[in-house]
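Let me see the structure of the following:
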Amino acid sequence: MTTLMMETLEAGDVIEVRTTADDAVSVLVLLATDDFVVLDPCDDSTPFVAQLDELGEYRKFDAS
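Numbers count the residues shown, from 1 in each chain. As a prediction, this is how the structure comes out:
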């Protein structure tokens, strides 16, 4: 698995986002537009909407 920084997001992508300086969470992209994404943390909590500008730095996982 390779990790790509700041790539274009599409539905079905798995990304890792920072929640604090020392903590990160992996989330599934349910829906992506040019400005917003709907993310599912896959931990039985409610999916949430985030503005791409507010996501900050994230890592996109690429299995190829």
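
And the helices in the protein, which stretches?
The residue ranges that make up the helices of the chain, judged by DSSP state H, are 52-55.

Poorly predicted segments of it, please.
Across the chain, the stretches falling below the confidence threshold (pLDDT under 70) are 1-7.

centroid residue for it?
Within the chain, one residue has its C-alpha closest to the average C-alpha position: by CA atoms, centre = their mean, that is Ile15, at 3.8 Å.

Am I right that Glu16 is in contact with Val25?
Yes - if you go by CB atoms under 8 Å, Glu16 and Val25 touch, sitting 7.0 Å apart. For every residue, glycine as well, the C-beta is placed using N, CA and C.

Return the residues in contact with the nearest residue to Phe61 once chain neighbours are set aside.
The spatial neighbour of Phe61 that comes closest, neighbours along the chain excluded (CB to CB, 6 or more residues apart in numbering), is Val14 at 4.7 Å. Val14 is in contact with 26-29, 60-61, counting by CB atoms under 8 Å, 6 or more residues apart in numbering.

out of those residues, which are buried?
When neighbours are counted using 16 or more other CB atoms under 10 Å, these contain these buried positions: 27, 29, 60.

Please list all residues in contact with the first one.
Looking back up the chat, that one is Val27. Val27 touches 14-17, 39-42, counting by CB under 8 Å, 6+ apart.

Before I go, just wanted to say thanks for your time.
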